[in-house]
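Engineer: Pasting the sequence and the predicted model now:
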Number of protein chains: 4
Amino acid sequence: MKVAIFGAGRIGKVHAASIKMDPRSELVAVTDVMTEAAEALAKEHGIAARSADDILRDASIDAILIASSTNTHADLISAGVMAGKAVFCEKPIDLDLARALEIRKIAEDHDKPIMMGFNRRFDPNFAQVKGALEGGEIGKPAMLSVTSYDPAPPPVSYIEVSGGLFRDMMIHDFDMCSFLFGMPDTVMAHGSCLINPEIGAAGDIDTAVVVLTYADGRIATIRNSRQAPYGYDQRVEVLGADGTLAAENEIENTVVKSTAAGVVSAKPVFFFLERYMRAYAIEWSAFVDAVIEGAPVPAGVQDGVNALALAEAADRSLAEGRPVAVTADMTGA
Amino acid sequence: MKVAIFGAGRIGKVHAASIKMDPRSELVAVTDVMTEAAEALAKEHGIAARSADDILRDASIDAILIASSTNTHADLISAGVMAGKAVFCEKPIDLDLARALEIRKIAEDHDKPIMMGFNRRFDPNFAQVKGALEGGEIGKPAMLSVTSYDPAPPPVSYIEVSGGLFRDMMIHDFDMCSFLFGMPDTVMAHGSCLINPEIGAAGDIDTAVVVLTYADGRIATIRNSRQAPYGYDQRVEVLGADGTLAAENEIENTVVKSTAAGVVSAKPVFFFLERYMRAYAIEWSAFVDAVIEGAPVPAGVQDGVNALALAEAADRSLAEGRPVAVTADMTGA
Amino acid sequence: MKVAIFGAGRIGKVHAASIKMDPRSELVAVTDVMTEAAEALAKEHGIAARSADDILRDASIDAILIASSTNTHADLISAGVMAGKAVFCEKPIDLDLARALEIRKIAEDHDKPIMMGFNRRFDPNFAQVKGALEGGEIGKPAMLSVTSYDPAPPPVSYIEVSGGLFRDMMIHDFDMCSFLFGMPDTVMAHGSCLINPEIGAAGDIDTAVVVLTYADGRIATIRNSRQAPYGYDQRVEVLGADGTLAAENEIENTVVKSTAAGVVSAKPVFFFLERYMRAYAIEWSAFVDAVIEGAPVPAGVQDGVNALALAEAADRSLAEGRPVAVTADMTGA
Amino acid sequence: MKVAIFGAGRIGKVHAASIKMDPRSELVAVTDVMTEAAEALAKEHGIAARSADDILRDASIDAILIASSTNTHADLISAGVMAGKAVFCEKPIDLDLARALEIRKIAEDHDKPIMMGFNRRFDPNFAQVKGALEGGEIGKPAMLSVTSYDPAPPPVSYIEVSGGLFRDMMIHDFDMCSFLFGMPDTVMAHGSCLINPEIGAAGDIDTAVVVLTYADGRIATIRNSRQAPYGYDQRVEVLGADGTLAAENEIENTVVKSTAAGVVSAKPVFFFLERYMRAYAIEWSAFVDAVIEGAPVPAGVQDGVNALALAEAADRSLAEGRPVAVTADMTGA
């Protein structure tokens, strides 16, 4: 299948490599508002940089991959749908839940796959947890804990347009909770600015704990920090009636050094590109499966809406200092 | 110094062994409403079982160790104070915060040490975390997470008189938070009954997440379950500006077996007697240090009141579904 | 640079993927005595299957990669040298040390890189050990231990033509010792047939311990087994004056499951393709560095001769039940 | 049962504590050529320091515990036997194998238990390996590896009278091999002096690898170093047809610190008193079981002879540079 990439930045390049690795997909075009970036990526793959309109009009292109800035996602999904193409879009659909719900409507009757790039669902460790949970290996689930720390905070300029920690960072963890536990009933958010006061000045937090409660009594906890100087800390732990499943960090290497100074092992792999490199490739193959073989989309528009609804509930909870119910009108479900 | 034990049950026996191991302390008497239990323990140590009054009147006895049932703690602390003795008392002071605050008053002018048995403060792993935190090894602290699961729930008959999960079980974790982070501003409790419906029928929960927030923005999370079939799961993790400190479980042995069926290592040590065996001995020596050498009491009546105040706040939060402020009138401070 | 592959089997395919991943190298031809295999691999990469002679005569081809059966290695290296091409050859040079020493002579004046495929030198874990050793992180080295177990023995038909455990399997570990400790003075081999009596009937062993001693007193130990049912067990440990460096196994995933049955973690990755996947790609890039940028060859013909000399010494030691000296005439050095 | 200790040094004190902990045994006397040491230990336990002869003549004393210097062991075992007492003796029986064989004769008809202090057999980790092996958990055993490093070398003055590394240090590891694998057929020793040249000048080595081979093809490897600056490194690993059992080190605490500088965990517990503290207590109880309840002695005189025979074979192997057979006349068996 022929694919065009919208957005030639860091994540666009990762996807370009995944497209190349799957023999069933071929990268045929790339576009970016930064013409130079588009041309560099195009050149690397021996293809042409083209305009967005040109790509959308090209009937030979089967699928578009949206890796451009967040504020373009909703319009591009919509345009992709209009053009009759399969769509793969990086999270989030939009920073605005109402707009995401509109996209949900638009997507409803589209007969081609639309997939959201919740890459962590494809991480072999988390997928193993999911499989073991569904296989009943720890019995009836009770508590879920998601630890998700970035190695270092982004520039404040990024924070300012990010939509805030819940929409920008924790959205992945909300999706992890949905992936493993489904949608909760209530969201209670706690947060503060402990790392960089400028983040606080920009109206955001950098440290947060969010608790989700489920109708049947299950409880999920998410911990986020914008700064873990030892690397990208990405763990998941589930307690069930029969035991615990814990997905630990992947580490840089397996060497352990023991000296009088202590026993030192390698740090977690640095950031999302390193940690989720395999996940990106598996994710892309899942999209190709959906487009070519009609396999179910493993993370669709509804999942994008759900994660955004939880972020919105967390924002409200933090502002009001109380648990917020997740209602049907927030998810369109 | 000469010591008498009140209460010859499981925990009384543990303390009797600790008293024997410290060459500075001598067990001279034991009392219990169950005469047979008192006599058995007395015989094992070659001493006499005596009445409580007799012990309290005996001027040669320097200290009493209260390991009897919870509802006797407050009265016995009070009686010990009246009798001019040093007092070591198992947690909690009482199930009722008002009564604990009275004891706090009574204790105020006592010139002998009164120490509460918050044994986990003396666990070498948690003590190492405390030391590293205070040594600035991970910089300014941001988040604390306490995991505390029992291997199996107690009988429902015990649950009924326990004061509930927050006062009976999480009280240790509240104290761990105080130990590492001090007293919080607010308490938000989530809980449910997932393990045994009879626990719910008795008005209690068996699964809980409590979030504590601190004036300076720090956040602590406690996870409790009455059932972790692989053993006693007791972990603490702190994220600071410069990194993370994690105290993992102690395990039964260090043997790892690798076969086609997987790589299997030993389970956590089974329950509190195994896990905290060393802590109990260290704890007792700290009390002897306080009595004989005037060392500061590492866990006093105020710590007992504080833990109870947090349990009370958690009960209220769970009942009302909102965060509850921890106020000065709750702690007497 | 343009590359042709000799041998379209399992390892040839791995190298084809590495060639594709390095943007500086291009796979242009493949040959195999099994025509179908050659054509299948050629088709997958959109190129032509050609005859060996045709490839050697094609002046546009810069390098050949020899991944054919062991008995063809020496002749093909020789032919590659005659044809003026850079040569990458899978280990070993030959099963016969005398033949390997001839190749060493032939290679001496070749002005293009000849590299032996000792892939483990490029494993990030072992490379980390090497770097730490050379960086003096554990002081003066004293003992090296190499553990190297296959998951399951190969068919006896393979054993019969393999050259025996020392030449076929332990040759990698001999090279690891050379890589980390240089060439030893003596070789003492112990071995037996414990897994499959048919291996013994074929004149080979399946279980072995070999000890290498060095002029300066250092000692290396290699343990080999043809069968470790939990996967490919590949570890290295070095003790120095200041401490120990240990490279542990890579595991399938990081999930740990704790239940009443025990604490189970994932097995080591299954076999060499999984474990050394990254090493193969790094290895290839090192060869491209040598060819294009004149970087030193990280594993040359002399390294191939050295490993073979150690295997020969081990064979003699096992036969004679005594330590065997490694002499200059065995290595041509 | 009433016990007297011969030797009030470091290890004597350890045993005194074990005797106190087992309610079935009572320490009633202590003797030492260093009168002050004897009196200090006696005072600590509220008993009398007495002469050796006095103790041996005292019919009320059931057992003697020999923790005096090595050169007194054989005579004291003999004297204990004559006096009709149960005997517990620290390893080794003697530095001289012929003398040990004499003791073996003397012990033959003694109807009271004589037990050798091979403490590592009682380490819960190694005992777990033994149990799993015997339970068939890894199938037919093939290879055993024992790693045994001291944290720091003893003074050269000690080395000079120690009997050498094989008799003084590796004797424990020889016994571990006997414990897990029985007696071997041949011993091949490699050794050198890498840590302190004065050890070499005193005629000893500080670094050694010894390989034991068994009649049925099994192979055991022992690695010894007098110096591992990170602590006491005591590990055992067994490969069987179905998998591997590995007993790892016990560590000082379970705290893991992750910062930009790396992931640091605690070192192994420092030395034998820390590592084998539990083993000493379990060992003592096993001796009491043998004396009081007639349980089999878990490590007898023959085990002491066997370990010494292996040390002697290793000495010869190192001197002669060849494998040495272990013959019946060396073990008296």
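Structural biologist: Perfect, thanks for sending it.
Engineer: And the helices in the stretch 1-150 of chain A?
Structural biologist: Assigned by DSSP state H, counting those that start in this stretch, the helices in the stretch 1-150 of chain A fall at A:10-21, A:35-44, A:52-57, A:70-82, A:97-108, A:124-134.
Engineer: Select, out of those, the one closest to residue B:284.
Structural biologist: Shortest distance between residue B:284 and the helices of the stretch 1-150 of chain A, using Cβ to Cβ, is found for helix A:124-134: 41.9 Å. For glycine as for every other residue, the C-beta is placed from the backbone atoms N, C-alpha and C.
Engineer: what is the mean pLDDT for the closest one?
Structural biologist: Helix A:124-134 shows a mean pLDDT of 98.
Engineer: Next one: that helix, is it in contact with chain B?
Structural biologist: No: using Cβ under 8 Å from any Cβ of the partner chain, helix A:124-134 stays clear of chain B, with a minimum separation of 11.9 Å.
Engineer: quick one: contacts of stretch A:316-333?
Structural biologist: A:97, A:101, A:104-105, A:166, A:183-191, A:205, A:208, A:210, A:213, A:302, A:305-306, A:309-310, A:312-314, B:321-323 (Cβ atoms under 8 Å, 6 or more residues apart in numbering or on different chains).
Engineer: Return the set of buried residues in that stretch.
Structural biologist: If you call a residue buried by 16 or more other Cβ atoms under 10 Å in any protein chain shown, then stretch A:316-333 has these buried ones: A:316, A:317, A:318, A:323, A:324, A:326, A:330, A:331, A:332.
Engineer: next one: stretch A:12-29
Structural biologist: Quick answer for stretch A:12-29 (16+ other Cβ under 10 Å): A:12-20, A:22, A:25, A:27-29.
Engineer: cool, stretch A:274-281 as well?
Structural biologist: In stretch A:274-281, counting by 16+ other Cβ under 10 Å, buried: A:275, A:276, A:277, A:279, A:280, A:281.
Engineer: Quick check: residue A:255 vs residue B:133, distance?
Structural biologist: Shown here: residue A:255 relative to residue B:133, a distance of 28 Å by Cβ to Cβ, to the nearest Å.
Engineer: Between those two, which has more neighbouring residues?
Structural biologist: Comparing residue A:255 with residue B:133 by neighbour count (other Cβ atoms under 10 Å in any protein chain shown), the higher total belongs to residue A:255, at 22 against 18.
Engineer: Next, count neighbours for the nearest residue to the more buried one once chain neighbours are set aside.
Structural biologist: Closest residue in space to residue A:255, ignoring its immediate chain neighbours: residue C:128 at 4.5 Å, by Cβ to Cβ, 6 or more residues apart in numbering or on different chains. For residue C:128, the neighbour count with other Cβ under 10 Å is 18.
Engineer: Residue A:253 too?
Structural biologist: 19.
Engineer: Confirm residue A:188 sits in a strand?
Structural biologist: Yes: counting by DSSP: H, G, I helix; E, B strand; the rest coil, residue A:188 is found in a strand.
Engineer: pretty sure it contacts residue A:211?
Structural biologist: Yes: counting by Cβ atoms under 8 Å, residue A:188 does reach residue A:211; the two are 4.6 Å apart.
Engineer: Need the overlap of contacts for those two.
Structural biologist: With Cβ under 8 Å, 6+ apart, residue A:188 and residue A:211 have common neighbours B:188, B:190, B:211.
Engineer: which of those lies closest to chain D?
Structural biologist: residue B:211 (23.0 Å; Cβ to the nearest Cβ).
Engineer: which residue sits closest to that closest one in space, ignoring its chain neighbours?
Structural biologist: residue B:188 is the one closest to residue B:211 (Cβ to Cβ, 6+ apart), at 4.7 Å.
Engineer: my guess is the one you found contacts residue A:186, does it?
Structural biologist: No: taking contacts as Cβ under 8 Å, residue B:188 lies outside contact range of residue A:186: 11.4 Å.
Engineer: Comparing the two, which residue is more hemmed in?
Structural biologist: Shown here are residue B:188 and residue A:186; by other Cβ under 10 Å, residue B:188 has more neighbours (26 against 18).
Engineer: Which pLDDT value goes with the more buried one?
Structural biologist: Looking at residue B:188, its pLDDT is 98.
Engineer: One more: residue A:46?
Structural biologist: 88.
Engineer: ok, now how distant is it from chain B?
Structural biologist: 44 Å (Cβ to the nearest Cβ, to the nearest Å).
Engineer: and the residue nearest to residue A:193 when sequence neighbours are not counted, how many neighbours?
Structural biologist: Closest residue to residue A:193 apart from its sequence neighbours, by Cβ to Cβ, 6+ apart: residue A:200 at 3.3 Å. Using other Cβ under 10 Å, residue A:200 has 16 neighbouring residues.
Engineer: re earlier: please render the helices of the stretch 1-150 of chain A as a markdown table that adds distance to residue D:178 to the earlier fields.
Structural biologist: What follows is those, written out as a markdown table (distance: least, Cβ to Cβ, whole Å):
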| stretch | distance to residue D:178 |
| --- | --- |
| helix A:10-21 | 55 |
| helix A:35-44 | 64 |
| helix A:52-57 | 75 |
| helix A:70-82 | 69 |
| helix A:97-108 | 71 |
| helix A:124-134 | 42 |
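Engineer: need the residues of the stretch 151-300 of chain A near chain D, please.
Structural biologist: So the stretch 151-300 of chain A meets chain D at A:228-231, A:233, A:251, A:258-260, A:262-268 (Cβ under 8 Å from any Cβ).
Engineer: nearest to chain C, of these?
Structural biologist: Once Cβ to the nearest Cβ is applied, the member of those that ends up nearest chain C is residue A:259, at 3.4 Å.
Engineer: Near chain B, which residues of chain A? Just list them.
Structural biologist: Residues of chain A found near chain B (Cβ under 8 Å from any Cβ) are A:140, A:142-143, A:145, A:149, A:188, A:190-195, A:207-209, A:211, A:213, A:217-219, A:221, A:223, A:225, A:227-230, A:233, A:239, A:241-244, A:321-323.
Engineer: List only buried entries from those.
Structural biologist: Here, 16+ other Cβ under 10 Å leaves A:142-143, A:145, A:149, A:188, A:190-195, A:207-209, A:211, A:213, A:217-219, A:221, A:223, A:225, A:227-230, A:233, A:239, A:241-244, A:323 buried among the residues of chain A next to chain B.
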